[in-house]
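1. the sequence and its predicted three-dimensional model are supplied below.
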Amino acid sequence: MKLRDLIENNAVTAIGDTEISSVTDDTRKVTEGSLFVCVKGGSFDGHTAAAEMLEKGAAAVVCERDLGLGDRQIITENSRKLYGQICSAWFGHPEKKLKMIGVTGTNGKTTITNVIKYILMKNGHKTGLVGTIQNEIGEEILHTDNTTPMAYDFMGLLAKMADAGCEYVVMEVSSFGLCQYRIGSSYFDVAVFTNLTQDHLDYHKDMEDYYQAKKMLFDICGCAVINSDDDYGRRLYGETVCTKRSFSVKGNADYYADGIKIKSTGSSFWFCSGDKSHLVKTRMPGMFNVSNITAAIAACLEAGLTIDNIIPAIEEYNGVKGRCEVIPTGLDFTVICDYAHTPDALENILRSVKEYTENDLICLFGCGGNRDAAKRPKMAQAAAKYADKLIITSDNPRNEKPEAIIDDILAGVKDKPVNYDVVTDRREAIFHALKIAEKGDIIVLAGKGHEDYQILAGMEHIHFDEREVVAEGLRLLKK
Ligand SMILES: CC(=O)N[C@H]1[C@@H](OP(=O)(O)OP(=O)(O)OC[C@H]2O[C@@H](n3ccc(=O)[nH]c3=O)[C@H](O)[C@@H]2O)O[C@H](CO)[C@@H](O)[C@@H]1O[C@H](C)C(=O)N[C@@H](C)C(=O)N[C@H](CCC(=O)O)C(=O)O
Ligand SMILES: Nc1ncnc2c1ncn2[C@@H]1O[C@H](COP(=O)(O)OP(=O)(O)OP(=O)(O)O)[C@@H](O)[C@H]1O
Ligand SMILES: N[C@H](CCC[C@H](N)C(=O)O)C(=O)O
Ligand SMILES: [Mg+2]
């Protein structure tokens with residue numbers, strides 16, 4: 001492909017005819033004829049390697065300042081942004097061949113995207129899914145390392161989806177994905193905003209910075225579907241200029257849930273819009289899932305489906321792996337595996353489960369290493385609000401000392417009348433929870449959800465699946 005076909009408004013007149021053999025932002029992938037894009041990250045700055053890349057055979061470099069490389073450097077204000085556009089062009093703009101639905105917000109993205117994909121597929125629309133658990137092209141499953149993949153991988157994935165005949169793509173758009181322009185030139189037919197509460201403040205300067213990153217999605221969409229129960233959602237609704245629809249579980253929105261009945265086995269509610277209402281039954285328990293399903297229905301309606309085609313699919317949907325998933329024990333207490341890893345998510349899942357806990361609610365959780373440390377004591381406080389007993393343990397320690405992470409968590413409950421045990425090893429902690437559980441108790445294992453690994457020091461991944469650990473614990477304890 002010629003350089004001028006990769007860069008819009010061709011700023012590269014002098015070398016526009018240069019043939020480009022590959023595009024990359026990674027020095028390790030540069031070969032003869034590559035276009036190398038210099039990106040400054042947390043641990044490496046591509047600008048420092050630009051001259052060396054030209055020597056290695058790169059045809060040209062994209063950079064953010066004059067590196068003294070003559071007409072073989074293309075200077076741009078934001079090389080991540082231009083790289084995203086270059087990747088779109090490299091793969092022939094697959095985003096233009098697909099109807100795209102994006103979901104952003106702190107919590108609920110995986111849940112909502114999976115519900116939407118199920119509805120679309122049930123209605124005969126081949127759909128691609130991009131998100132935390134895995135990527136999917138129709139029924140085909142592809143492994144992923146990120147919620148929103150890096151620009152090159154993402155555009156390559158969209159191209160595969162378009163080639164496979166997908167009509168829709170439904171994807172989780174993380175704040176990282178937005179502010180690093182991993183989504184290239186994507187334009188979303190429908191964009192959903194769930195909520196904004198504390199997470200990722202190790203990366204974003206503050207909540208305002210985090211909000212501004214999420215807000216970027218609503219500058220590149222046709223219709224915004226926004227949670228008006230959330231403070232930031234109401235602000236976003238006021239600031240969004242495209243077509244917009246609000247949703248709520250409290251009423252007074254374009255789409256809202258009314259007459260909500262929550263049980264351990266699921267919920268029912270009336271999905272209302274104007275003077276029309278439709279009864280919805282779901283196997284996914286909890287008030288937050290009523291919100292998630294309301295959002296999913298609203299997004300599908302805005303994407304052109306009819307309510308009569310949406311509701312039957314929701315009624316037969318069993319829920320998302322590791323999201324309020326009951327692990328069968330055959331005993332007189334219940335074990336739930338959930339992905340709550342923020343204060344708000346923990347509060348929501350525990351508040352919801354508490355409503356149907358007959359005896360004690362036991363919450364086992366830890367916090368991820370090399371991630372937002374400020375959320376750690378807040379997660380302890382959130383858990384203590386509804387759980388009768390906390391078991392504080394490790395999540396993915398990564399390169400931090402598990403004990404130091406636990407100390408940060410404990411700061412939230414120290415000197416408070418909270419009943420807690422500390423068991424650093426997560427496997428032992430789960431065994432401990434199973435040992436102390438009594439009739440009618442519910443144990444919520446929070447934070448790891450679908451993950452089947454634990455990330456230890458040196459980023460070593462070990463196999464760790466909570467469903468298996470629970471089964472092992474029950475065998476050992478002969479319960
Ligand atoms: C915080 C973050 O976004 N980190 C990602 C990011 O790192 P970074 O920007 O610091 O990059 P860097 O490693 O300094 O490299 C900078 C540039 O130099 C290049 N490079 C690097 C090394 C080298 O030898 N040569 C070279 O050219 C890289 O290709 C890159 O273009 O770019 C790296 C390379 O592409 C990623 O591996 C890394 O993801 C790490 C694994 C990660 O954990 N990311 C998480 C935090 C993440 O992205 N999470 C979000 C949200 C999750 C959610 O809430 O659901 C997600 O969407 O997954
Ligand atoms: N609408 C919601 N509001 C608050 N908490 C929620 C909501 N939906 C789900 N949760 C809680 O958050 C956890 C994570 O949900 P989910 O995986 O859908 O979110 P996510 O936005 O995809 O998260 P991530 O940023 O890790 O990708 C759930 O296991 C549940 O505890
Ligand atoms: N997408 C989230 C996942 C966190 C999951 C939790 N198990 C942890 O490791 O903190 C993140 O990257 O912050
Ligand atoms: Mg997710």
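-> Happy to help now that I have it. Ligands and ions are numbered 1, 2, ... in the order given.
2. next to ligand 4, which bits of the protein? Give me the list.
-> Applying C-beta under 5 Å from the ion, we find that the chain lies next to ligand 4 at Lys109, Thr110, Thr132, Glu172. The way it works is simple: take the backbone N, C-alpha and C, and place the C-beta from them, glycine included.
3. where do the strands sit along the stretch 101-250 of the chain?
-> With DSSP state E, counting those that start in this stretch as the criterion, the stretch 101-250 of the chain has strands at 127-130, 135-137, 140-142, 168-172, 188-193, 221-227, 243-248.
4. redo these as TSV? Include mean neighbour count, distance to Thr18 and mean pLDDT.
-> Converted to TSV, the strands of the stretch 101-250 of the chain look like this (neighbours: other C-beta atoms under 10 Å; distance: least, C-beta to C-beta, whole Å; pLDDT from 0 to 100):
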stretch	mean neighbour count	distance to Thr18	mean pLDDT
strand 127-130	27	32	98
strand 135-137	22	33	98
strand 140-142	12	33	98
strand 168-172	28	32	98
strand 188-193	26	33	98
strand 221-227	24	35	98
strand 243-248	20	42	98
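5. would a markdown table of the residues of the chain next to ligand 4 with distance to Leu35 be doable?
-> As requested, these are exported to a markdown table (distance: C-beta to C-beta, whole Å):
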| residue | distance to Leu35 |
| --- | --- |
| Lys109 | 32 |
| Thr110 | 34 |
| Thr132 | 31 |
| Glu172 | 29 |
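6. now for those, which pair is the farthest apart?
-> Lys109 and Thr132 (7.4 Å; C-beta to C-beta).
7. more neighbours, those two?
-> Lys109 (23 against 20; other C-beta atoms under 10 Å).
8. with adjacent residues omitted, what lies nearest to that one?
-> Leaving aside its sequence neighbours, Lys109 sits nearest to Glu172 (C-beta to C-beta, 6 or more residues apart in numbering; 4.0 Å).
9. what residues are bridge-paired with the one you found?
-> Assessed by DSSP bridges, Glu172 has beta-bridge partners Val103.
10. and it, how far from Asp395?
-> Distance, Glu172 to Asp395, using C-beta to C-beta, to the nearest Å: 20 Å.
11. so what's whichever residue of the stretch 151-300 of the chain sits closest to ligand 1 up against?
-> Residue nearest to ligand 1 within the stretch 151-300 of the chain (C-beta to the nearest ligand atom): Ser174, separated by 3.4 Å. Residues near Ser174 by C-beta atoms under 8 Å, 6 or more residues apart in numbering: Thr104, Lys109, Asn146, Thr147, Thr148.
12. of those, list those near ligand 1.
-> Counting by C-beta under 6 Å from any ligand atom, Asn146, Thr147, Thr148 from the contacts of Ser174 sit close to ligand 1.
13. of those residues - the most surrounded one?
-> Thr148 (25 neighbours).
14. distance of it relative to Phe333?
-> 38 Å.
15. pull the most distant pair out of the contacts of Ser174.
-> Between all members of the contacts of Ser174, the farthest pair (by C-beta to C-beta) comes out as Thr104 and Asn146, at 14.4 Å.
16. returning to what we had before: list the contacts for the residue nearest to Lys109?
-> Applying C-beta under 8 Å, 6+ apart, the residues contacting Glu172 are Gly102, Val103, Thr104, Lys109, Thr110, Thr113, Val130, Gly131, Thr132, Thr147, Thr148.
17. so which two of the residues you listed are the farthest from each other?
-> Taking C-beta to C-beta, the two most distant members of these are Gly102 and Thr132; they sit 14.1 Å apart.
18. just the contacts of Ser174: which are in helices?
-> The helices, defined by DSSP state H, take in Lys109 from the contacts of Ser174.
19. turn the contacts of Ser174 into a markdown table, including pLDDT.
-> As requested, these are exported to a markdown table (pLDDT from 0 to 100):
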| residue | pLDDT |
| --- | --- |
| Thr104 | 98 |
| Lys109 | 98 |
| Asn146 | 97 |
| Thr147 | 98 |
| Thr148 | 98 |
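20. of the contacts of Ser174, closest to Ile75?
-> Thr148 (27.1 Å).
21. what's near enough to touch that closest one?
-> Val130, Phe154, Met171, Glu172, Val173, Ser174, Phe176, Gly177, Leu178, Arg182, Ile183.
22. just the closest residue of the stretch 301-450 of the chain to ligand 4, please.
-> Nearest residue of the stretch 301-450 of the chain to ligand 4, counting by C-beta to the ion: Tyr339, 7.6 Å away.
23. test my guess that that residue contacts Gly449.
-> Yes: Tyr339 is within contact range of Gly449, at 2.9 Å (criterion: C-beta atoms under 8 Å).
24. dump the strands of the stretch 101-250 of the chain to TSV, plus distance to ligand 2.
-> Converted to TSV, the strands of the stretch 101-250 of the chain look like this (distance: least, C-beta to the nearest ligand atom, whole Å):
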stretch	distance to ligand 2
strand 127-130	11
strand 135-137	13
strand 140-142	17
strand 168-172	6
strand 188-193	11
strand 221-227	8
strand 243-248	11
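25. what about these, which gets the closest to Tyr453?
-> Using C-beta to C-beta, the nearest of those to Tyr453 is strand 140-142, at 16.5 Å.
26. what does that closest one rub up against?
-> Contacts for strand 140-142 (C-beta under 8 Å, 6+ apart): Gln134, Asn135, Glu136, Leu157, Ala164.
27. pull the number of nearby residues for the fourth one.
-> When neighbours are counted by other C-beta under 10 Å, Leu157 registers 21.
28. please tell me how far it sits from Leu142.
-> For Leu157, the distance to Leu142 - C-beta to C-beta - is 7 Å.
29. which residues touch the residue of the stretch 301-450 of the chain closest to ligand 4?
-> Thr110, Gly322, Arg323, Ala345, Ala446, Gly447, Lys448, Gly449, His450.
30. report pLDDT for the third one.
-> At Arg323, the model reports a pLDDT of 97.
31. residues contacting it?
-> Arg323 neighbours (C-beta under 8 Å, 6+ apart): Thr110, Thr111, Met284, Asp338, Tyr339, Gly449, His450.
32. ok, the first one next?
-> For Thr110, the contacting residues are Gly131, Thr132, Ile133, Thr147, Glu172, Val320, Arg323, Tyr339, taking C-beta under 8 Å, 6+ apart as the criterion.
33. save those as JSON lines, and put in distance to Gly84 too.
-> As requested, these are arranged in JSON lines below (distance: C-beta to C-beta, whole Å):
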{"residue": "Gly131", "distance to Gly84": "19"}
{"residue": "Thr132", "distance to Gly84": "20"}
{"residue": "Ile133", "distance to Gly84": "24"}
{"residue": "Thr147", "distance to Gly84": "16"}
{"residue": "Glu172", "distance to Gly84": "17"}
{"residue": "Val320", "distance to Gly84": "28"}
{"residue": "Arg323", "distance to Gly84": "30"}
{"residue": "Tyr339", "distance to Gly84": "28"}
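34. so who does Phe271 touch?
-> Here Phe271 is in contact with Tyr255, Tyr256, Ala257, Ser277, His278, Leu279, Val280, Thr294, Ile297, Ile307, Ile311 (criterion: C-beta under 8 Å, 6+ apart).
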